[in-house]
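predicted coordinates and the sequence they were generated for:
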Protein chains: 2
Amino acid sequence: MTIEGHHLIGFESLAGSPDDRGISAVNPASGEPIAPQYPLAGQDEVERACQLAEDAFLTYRRLPLVERAAFLEAIADNIEALGDTLTERAMAETGLPKARLEGERGRTCGQLRLFAEVLRSGDYLGIRIEDALPDRAPMPRPSLAQQQIPMGPVTVFGASNFPLAFSVAGGDTAAALAAGCSVIVKAHSAHPGTSELVGRAVQQAAKSLNMPEGVFSLLYGSGNELGQALVKDPRIQAVGFTGSRNGGTALLRTAQARPQPIPVYAEMSSINPVLLLPQHLEANAEALGDAFVASLTMGAGQFCTNPGLVLALSGTALERFVEQAGTVVRDASSQLMLTPGIHAAYHQGVARLKEQTNVTLVAQGKGNNELACPCQPHLFRTTADAFIGNAELHDEVFGSCALVVECESVAQMQQVLTALEGQLTATVHLEEADYELADKLLPLLERRAGRILFNGWPTGVEVCHSMVHGGPWPSTSDSRTTSVGSAAIQRFLRPVCYQALPEQLAPDSLKANNPLDLPRQVNGKR
Amino acid sequence: MTIEGHHLIGFESLAGSPDDRGISAVNPASGEPIAPQYPLAGQDEVERACQLAEDAFLTYRRLPLVERAAFLEAIADNIEALGDTLTERAMAETGLPKARLEGERGRTCGQLRLFAEVLRSGDYLGIRIEDALPDRAPMPRPSLAQQQIPMGPVTVFGASNFPLAFSVAGGDTAAALAAGCSVIVKAHSAHPGTSELVGRAVQQAAKSLNMPEGVFSLLYGSGNELGQALVKDPRIQAVGFTGSRNGGTALLRTAQARPQPIPVYAEMSSINPVLLLPQHLEANAEALGDAFVASLTMGAGQFCTNPGLVLALSGTALERFVEQAGTVVRDASSQLMLTPGIHAAYHQGVARLKEQTNVTLVAQGKGNNELACPCQPHLFRTTADAFIGNAELHDEVFGSCALVVECESVAQMQQVLTALEGQLTATVHLEEADYELADKLLPLLERRAGRILFNGWPTGVEVCHSMVHGGPWPSTSDSRTTSVGSAAIQRFLRPVCYQALPEQLAPDSLKANNPLDLPRQVNGKR
């Protein structure tokens, strides 16, 4: 599979007209563009991809679960078969190191295979059956059976910061394909070549397993035009997005303004508070400072779960933590950021913090003039009162930038937590002597975050059944779901109930003798 | 418990100032107002109810599941204890017959008790646990545990057409209280006395079982002002509504325009297509005509699932059906409608249909000048082409009014189904010789409806685990949930994941030894 600079629409590879060419990746280390230029999808490409997605959906959603599972596995195999071609292209386009990209590839393929397992188990169908009670008085009961069905064609927006795991064949695509939805991906403009390679892996899997044409398409576009067109299209029934708060909110508004509103799962913005409880802080201030900065600077801080906020009670232990963290930050080198745009936004965010009254710069890392897009780590501090009173301090600064908030009392710490917007994660560092305090804080954290973690760091998201990578607004636009882990399949499903369904018309999943051996709840019992 | 014309805010019963009095019920038979007048909630009442709901939520959501279950059962007991006081008041306010209201009371109490069962089983918590793998290479896995938690205070709008089952202690209230949310109900202005009686039953149950004050409040208001204020309040985290398309859409827009958008579960509009497949129609045309009109005229057609659209292939069998249905409609008496507003809207809807070109009046029922708000049944017919070409024919006319659409071919029937908006139900009448055709239509019906029923009538919704009373837009604003049945609890929940949660801090539901004996998925296995 080679990079040709093409849209992938159904089983076709389309060059687009020379006039349409507009996007190319930029090497964030050098600032130089990387060939080829990619075409921009217009109305024709959107129409063709959407109509194919609609047509494919009718067939694809009714395929046996094992066939959809095999498709997901074939995608994973094809991605692995891309080998260094993929990781080298991704390195050039994103500036991410090889080991990170290899790990991310493993996670991406692992996700696809996890959803294949989910399909084979069939638990996700949520089957609930109530048998007929023809003799019930005063009214007989007809038989009733509920199962989850896929919503329809889905649009997925590739994310810049995970060019594999949250991009073309990332979590949302895997979940939607598993659910039985066809998928149109809008490639992220920062890594079009990586997107094309992965897109070809998906396209090839679809062809080789005789999936209906249109189950997957991949389009390129610049600005908002393509994204808006896809979200407006009446055939699209749900949207997955990972990116900025402005970007996600704009798509949500568009989806809500449609004649038929549709769900948007946008992951947007989170500062991921880390609470250092006093007994544990006292005993481990320096070690916590080291570990915190390691998490803060990992991957130039370009994680949705980057720890951007630290809360602790005033005192010498906090001062020791700040001192140590400041020392490590000062020693930290600048790392390459993903794109010139992210780099510019990081610098603006840091500059804004420097201008705030009652905010002090604790330390900044080493600069690096050799990189086009360096991330110089920054650590700031402020007081709880200042934090509560200034909404700008609650904004995410995407990159290795964090703010330590000093609280004068437990009550003030609770006020800070109450003032926070919704978060993907909240972290508590504690030991047994802190449990009583933790017990008071936990209910507040549950209302603010989708994942609460103890004595760890929020960067690093396990792909498994129990993960929640989601949370209250504005961390996501829909706190009822997760974008990571097997529960993500629920994003693209809705329930349907069949009443007095004749056995001959029943899908295998609902037949009386349960030929697929699916887990089912029957008359209230599993 | 007596009717005093009071708001119920937390544990208080508040008269409101005499200037605030604005609403009274109207007897739809006589058109006369029914005392007392009710006060209109203003900013003070909204503030107090919302703050109490927020405070109560913090305690209520953490109560043991069995205590919440006991609360729901006490509400049911208290409603039953109201006896004829409740049914007689509801009869006067709604014009519904006693037997219907007694049935609805049974359903309402049954729903509350079903959710108590759901709480005792604990399956709804959706617990998924992954044990720690400290020795996993290259990275150890921390323990992870996911469960569903309640969203926060909820606003429920009482519906006019089910003064008990979709009102103050109806499905949404029961589901939200079960989920662990506090609830503020906006009483429907058509049955304020019924609302107050049921509200007192809930309030009394909360007091006697020492629930936190504010777990439930009941407010009255006219127009949109109160509803808008409740949906805008930042403490409210979800909304349940059953009513008109305009009303539901307005609330949805408000909820989406908040700084923090929240879910709105609005059930709005459905014409509930009924398909009469040819072999079955041929053999049963007259019987189907009789049964159809019985469903159409039940309760003056004031059901969300009223069969407002009949689809069949052209031919003598369809003519026999229309002839018979027309005969029965002509013989049908007018029934009392719920409110002057619904009566006026019905007449406008019927008048609009009479004006349409290519729409023929088949029959209308007997008039009744003695009733202030009579529903005179109407049956119209049109062609598939006319139906597809005229969006006005797709609008719900709430009441005993239906449209028969004659299709020239199966392909045209499929076109009609494709042109339909989302529906709560779709019904198929068929016999074995029709199964081949049904198999072609079923995928279209699944995309359009939340419940698909065979050889029955959509009026009549079983309250059970497998029911789906919901469907694609505009039948509801969120096709991912149901408003009837035990799955409705999912409306008010969101998942949270705990990572490396210390055992001493774990809620009972997640403790290692599973002291509540809850169904849990552990390491991918139940």
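Everything's here; your move. Numbering: from 1, shown residues only, chains lettered A, B, ... in the order given.

how is A:Asp135 assigned, secondary-structure-wise?
coil (DSSP: H, G, I helix; E, B strand; the rest coil).

next SSE after the helix or strand of chain A with the lowest mean pLDDT?
When each helix and strand of chain A is scored by mean pLDDT, DSSP states H and E, strand A:21-26 comes last, with a mean of 88. Going down the chain from strand A:21-26, the next helix or strand is strand A:33-39, by DSSP states H and E.

can I get the helix or strand following that next one in CSV, CA atoms only?
Sequence order places helix A:43-60 as the next helix or strand after strand A:33-39, per DSSP H and E. Extracted C-alpha coordinates of helix A:43-60, given in CSV (Å, rounded to 0.1, in the frame of the first residue of the first chain):
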residue,chain,number,x,y,z
GLN,A,43,-20.1,18.3,-2.6
ASP,A,44,-19.6,15.5,-5.1
GLU,A,45,-17.3,13.5,-2.8
VAL,A,46,-19.5,14.0,0.2
GLU,A,47,-22.6,13.0,-1.8
ARG,A,48,-20.9,9.9,-3.1
ALA,A,49,-19.4,8.8,0.3
CYS,A,50,-22.8,9.4,2.1
GLN,A,51,-24.9,7.5,-0.5
LEU,A,52,-22.5,4.6,-0.5
ALA,A,53,-22.5,4.7,3.4
GLU,A,54,-26.2,4.6,3.4
ASP,A,55,-26.5,1.8,0.9
ALA,A,56,-23.7,-0.2,2.6
PHE,A,57,-25.4,0.2,6.0
LEU,A,58,-28.5,-1.7,4.8
THR,A,59,-26.4,-4.8,4.2
TYR,A,60,-23.6,-4.3,6.7
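
alpha carbons only: can I get the following helix or strand past helix A:43-60 in CSV?
Next along the chain after helix A:43-60, taking DSSP H and E as the criterion, comes helix A:65-81. Extracted C-alpha coordinates of helix A:65-81, given in CSV (Å, rounded to 0.1, in the frame of the first residue of the first chain):
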residue,chain,number,x,y,z
LEU,A,65,-21.7,-10.8,14.1
VAL,A,66,-18.8,-13.1,13.3
GLU,A,67,-18.4,-11.6,9.9
ARG,A,68,-18.1,-8.1,11.3
ALA,A,69,-15.7,-9.5,13.9
ALA,A,70,-13.5,-10.9,11.1
PHE,A,71,-13.6,-7.5,9.3
LEU,A,72,-12.3,-5.8,12.4
GLU,A,73,-9.5,-8.4,12.8
ALA,A,74,-8.6,-8.0,9.1
ILE,A,75,-8.2,-4.3,9.6
ALA,A,76,-5.9,-4.9,12.5
ASP,A,77,-3.8,-7.4,10.5
ASN,A,78,-3.6,-5.0,7.6
ILE,A,79,-2.4,-2.1,9.8
GLU,A,80,0.2,-4.3,11.3
ALA,A,81,1.3,-5.4,7.9
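
now the angle from the very next helix or strand once past helix A:65-81 to helix A:65-81?
Note on helix A:65-81: by DSSP H and E, the next helix or strand toward the C-terminus is helix A:83-94. With axes from the mean of the first three to the mean of the last three Cα atoms, to 10 degrees as the basis, helix A:83-94 and helix A:65-81 are set at 80 degrees to each other.

can you name every helix or strand that the helix or strand just after helix A:83-94 contacts?
Using DSSP H and E, the helix or strand that follows helix A:83-94 in sequence is helix A:98-121. The contact analysis (3 or more Cβ pairs under 8 Å, 6 or more residues apart in numbering or on different chains; DSSP states H and E) places helix A:98-121 against helix A:65-81, helix A:83-94, helix A:171-179. For every residue, glycine as well, the C-beta is placed using N, CA and C.

and the angle from helix A:98-121 to helix A:83-94?
Using the same axes, to 10 degrees: helix A:98-121 against helix A:83-94 is 120 degrees.
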